[in-house]
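Undergrad: just a sequence and a predicted model for now, questions to come.
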Amino acid sequence: MAAEGNVPKIFPSSHKTVVILDHSPFMSEPCGQTVDFDILPKQSRAAPGIIPLAPLAKSLWTCTVEAASEYARVVYDVYPPRSRDKLLKFVITDTEARPLNSWVEEEQSLSNVLQGLAVVGPPSESDDAENCSVMHGLAMAVESLCEGSEKQLEHKASLADPEEPVVNKGRVVCITTVKSQGHIQMLEECMQEAIVQHNKIAEAADKLPITHCELVLIHTVPVGADNNIQDEPNKEVSSLLSCEVHSVHSGRHIAAKLALLVQKHFHLTSTTITGIPMKEEQNASTSANYDVEILHSKDAHIEILKMGYDSSGFACSKDSFGRETVILKWCTPKTNIIELHYCTGAYRITPADVNSRPSSCLTNFLLNGRAVMLEQPRKSGSKVISHMLASHGGEIFLHCLGTGRSPLEDPPSISEGTGGRVTDYRITDYGDFMKENRLMPFPVPQEGHILPAKEATAVLERTTRYWPLVISDTIIFNMASHIDPLPTLITKAELTEDEVVECQKSIYHLVGMESRSEPLPIPAMGTRGKGPKRDEQYRQMWAELDTLLRAHASTSVNHQKVLECLQEIRRPAEEAKESSRKAGKKEEVVVKEERVMTEQSTAELAWQEIQRYKAMSERERSDFEVGNTNNDHFRHRQQTEVSSPPIKKLKTSLEDSQGKQQGGPPSLLAIWTSRINSKYASRHCEFAGRLTAEGNKAELYVNLNKDSTNGTSDKPTSVKQEKRGP
């Protein structure tokens, strides 16, 4: 215990719990929920001459005692009294407060509590109700919390400083019937004042002052009665007291409420084992599957709580009272259960319904030396056995089995780790790295010397400034024979002039390899296809080397010289690439400017054509559409085309641009000309003489030079008629 003197130990609120039961005359009233006491079947009840028994109704006191006893049974089963971790003390209050037990280990048992309740007996209606108050019980609860438990007293005796305070927390569960919200506030004030007064007394009487207390008020009324009290969550009344209110009906409702609170107060959870094969009581030749609910510590499902029910594959369900339960399936494996299993934890269990037949059968089955394997219910995939039920020394434990790889097995492959499918780790280099950074025993350093731990940390920091983990992520570390000793020297804290020269020689060697176009020794693993070209490989190599040297350039002046050497060597190549890049950009700019000028001139000409077309009259538009160019607008257009200088770099004529697309989208002039040509082709009627003539040229007045059969007198007339023609 002396070793614990320097370690502060905190006792949680669940270490000491005081349960206060109201024994006032009001608790003798019926709970409002009847119990059918007649065990005869309905057919026998209907027979003449048989008077059925009237149903029974429990009192509020009976329902309260049953619920509180079940609360204590769960705590004592999961946390046995010999562990002295979870202690309960029952207090009965009416006209005065009477404790039923103390914090001593010998009195921490359910049988002792039930004997005390039997001595007290049920409340009497003839008692003075005005003098009955739950405040007597609250005052005694505060006084009991100031009394130290055996563990607390042992811890206090082991402290090096006797004046050092012991963290003393506790919880008070009070089952009563309050009248209004004002009554609740009055109880909170009474509790607060009692804590302050008893803390003052505790300092003088060598007791433990209360650090913090949780008050849980459970307001209960008969089933069907009006309940005007609302539930209140946990709230801080002061730095010493917090309070929460639960309002429930009596009967099975208060039993379910306390079953839920015992899980919350003592870090418990529920697990339902499904598919348990049991023989029928009436017919032993047949069997049916049953479910049994058990309670145990939440740590048994720590993996479920971390990952959540849905993502881990576990099933979870809720009952009508809001209690959650994890579902595990009964499993009968083919392996021998006696074999040693990889177990990560074992936790005591207790049945949720200890009096049910399925719970009794399962308990007897396990106490006879059997073991039950439990698997996770899954819709698909192979089953996973995650838990096992077995008894040890007359107590039943839930064992958590490791679902992952066991430390007893062979070590896993590196490809099965966090990296997943990555297999090209630098395993050999990492082994050398560990050997170079091993720690050795060292005598006590003298004053003024650097501590070996700090020096080792500095070496590790410099070495890992740039250290790729995967072979495919590095080039320079895969060509050690060509670049050594640069990677080793650059990680040193100081570089001599000779070491700087060695680093520069390594850089010059790489330059010579690039000038001779020698291939780089790049491993094939991690790359698909042919891989990058040689120029790209050298570019990546120089970039990685620059990253390495920049990471260590701030170490010393000589480290900076090595980086400057690399930059001076690579500067001419970078300048040549930059000049060629700039020249290429200039050519692109010239081509773009010429293309823009061509497009602008074409657009301007098309826009002028559109404006002239809009200024035409109806007669001129009709002549334009049929191809008649004998008007002023066409003369002006021809004069403009003749007078305007030819466009520079315009390689296509207007007629070609009208019918073809030259290296880009059609211009506005081409679109407009195409539209006019389509209209002209649809409306124009070819001259009949041109259709019959040779060479697509019709000869006019074909009979003018021929001798007429009617004499020469017809010629002048014909000529005159021709002149009158249009």
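TA: Received it, and whenever you're ready, just let me know what you need.

Undergrad: residue ranges for the helices of the stretch 151-300 of the chain, please.
TA: Counting by DSSP state H, counting those that start in this stretch, the stretch 151-300 of the chain has these helices, from start to end: 181-204, 252-265.

Undergrad: can you tell me what sits against the first one?
TA: Yep, that's helix 181-204 we're talking about. The contact list for helix 181-204 (C-beta atoms under 8 Å, 6 or more residues apart in numbering) reads 134-135, 138-139, 142-143, 146, 172, 174, 178, 207-210, 213, 215, 217, 229, 232, 237-238, 240-241, 243, 245. Backbone N, C-alpha and C define where each C-beta goes, glycine included.

Undergrad: return the subset of those residues lying in strands.
TA: Val172, Cys174, Cys213, Leu215, Leu217, Glu232, Leu241, Cys243, Val245 (DSSP state E).

Undergrad: and the residues you listed, which are buried?
TA: Neighbour-count burial (16 or more other C-beta atoms under 10 Å) applied to those gives Val172, Cys174, Cys213, Leu215, Leu217, Leu241, Cys243, Val245.

Undergrad: on that earlier part again, to Glu70, which of the helices of the stretch 151-300 of the chain lies closest?
TA: helix 252-265 (6.5 Å; C-beta to C-beta).

Undergrad: which strands or helices does that closest one pack on?
TA: helix 60-78, strand 167-176, strand 212-221, strand 241-249, strand 268-279 (3 or more C-beta pairs under 8 Å, 6 or more residues apart in numbering; DSSP states H and E).

Undergrad: nearest to Ile450, out of those?
TA: Among these, strand 167-176 comes nearest to Ile450, with 42.5 Å by C-beta to C-beta.

Undergrad: what about the closest one, distance to the chain center?
TA: Remark: strand 167-176 is offset 37 Å from the chain centroid, using C-alpha atoms, centre = their mean, to the nearest Å.

Undergrad: in it, which residues are buried?
TA: Asn168, Lys169, Gly170, Arg171, Val172, Val173, Cys174, Ile175, Thr176.

Undergrad: between those residues, which is closest to Phe266?
TA: Nearest to Phe266 among those, with distances taken as C-beta to C-beta, is Arg171, at 9.9 Å.

Undergrad: now do the contacts for that closest one.
TA: Contacts of Arg171 by C-beta under 8 Å, 6+ apart are Ser13, Ser14, Lys16, Thr17, Val18, Cys213, Glu214, Leu215, Val216, His265.

Undergrad: at 7 Å instead, please
TA: With contact set as C-beta atoms under 7 Å, 6 or more residues apart in numbering, Arg171 has these partners: Ser13, Ser14, Thr17, Glu214, Val216, His265.

Undergrad: one more: Asn227?
TA: Val221, Ser247, His249.

Undergrad: make TSV out of these and add distance to Arg465.
TA: Shown next, in TSV, are these (distance: C-beta to C-beta, whole Å):
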residue	distance to Arg465
Val221	72
Ser247	65
His249	70
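
Undergrad: closest to Tyr290 out of these?
TA: Distances from Tyr290 to the contacts of Asn227, taken by C-beta to C-beta, are shortest for His249, at 29.2 Å.

Undergrad: ok, that closest one to Pro222 distance?
TA: 7 Å (C-beta to C-beta, to the nearest Å).

Undergrad: likewise for Leu261?
TA: For Leu261, the distance to Pro222 - C-beta to C-beta - is 20 Å.

Undergrad: looking at those two, which is more packed in?
TA: Set Leu261 next to Pro222 and count neighbours by other C-beta atoms under 10 Å: Pro222 wins out with 20 against 17.

Undergrad: would you confirm that the more buried one contacts Cys31?
TA: Yes - counting by C-beta atoms under 7 Å, Pro222 touches Cys31, with 5.4 Å between them.

Undergrad: which neighbours do those two share?
TA: Leu60, Ser250.

Undergrad: so where do the helices sit in the stretch 351-500 of the chain?
TA: Using DSSP H, counting those that start in this stretch, helices in the stretch 351-500 of the chain cover 357-367, 427-436, 452-463, 480-483, 486-489, 497-515.

Undergrad: point out the most buried one among those helices.
TA: helix 486-489 (a mean of 19; mean count of other C-beta atoms under 10 Å).

Undergrad: quick one: it to chain centroid distance?
TA: Distance, centroid of helix 486-489 to centroid of chain: 43 Å (C-alpha atoms, centre = their mean).

Undergrad: could I get the average pLDDT for that helix?
TA: Average pLDDT, helix 486-489: 86.

Undergrad: one more: stretch 174-188?
TA: Rounded mean pLDDT across stretch 174-188 is 92.

Undergrad: list the buried residues of that stretch.
TA: Those would be Cys174, Ile175, Thr176, Thr177, Val178, His183, Ile184, Leu187, Glu188, for stretch 174-188 by 16+ other C-beta under 10 Å.

Undergrad: same check on stretch 545-552?
TA: Leu545, Leu548, Leu549, Arg550, Ala551, His552.

Undergrad: so where's the stretch 301-450 of the chain uncertain?
TA: In the predicted model, the stretch 301-450 of the chain carries pLDDT under 70 at residues 303-322, 333-340, 379-382, 404-423, 445-446, 448.

Undergrad: tell me where it has strands.
TA: 315-318, 324-331, 343-351, 371-375, 385-392, 395-401 (DSSP state E, counting those that start in this stretch).

Undergrad: returning to what we had before: from the buried residues of stretch 545-552, pick the one nearest Ala698.
TA: Distances from Ala698 to the buried residues of stretch 545-552, taken by C-beta to C-beta, are shortest for Leu545, at 85.3 Å.

Undergrad: got the contact list for that closest one?
TA: Neighbours of Leu545 in contact, by C-beta under 7 Å, 6+ apart: Ile476, Leu566.

Undergrad: that one and Tyr508, how far apart?
TA: Leu545 sits at a distance of 13 Å from Tyr508 (criterion: C-beta to C-beta).

Undergrad: then His559?
TA: In terms of C-beta to C-beta, His559 sits 18 Å off from Tyr508.

Undergrad: what's the answer for Leu53, then?
TA: 110 Å.

Undergrad: pLDDT wise, what is His509 at?
TA: 87.

Undergrad: quick one: low-confidence ranges for the stretch 151-300 of the chain?
TA: In the stretch 151-300 of the chain (pLDDT under 70), the answer is 280-286.

Undergrad: let's see it at 80
TA: 159-164, 203-206, 278-288 (pLDDT under 80).

Undergrad: right, I'll leave it there.
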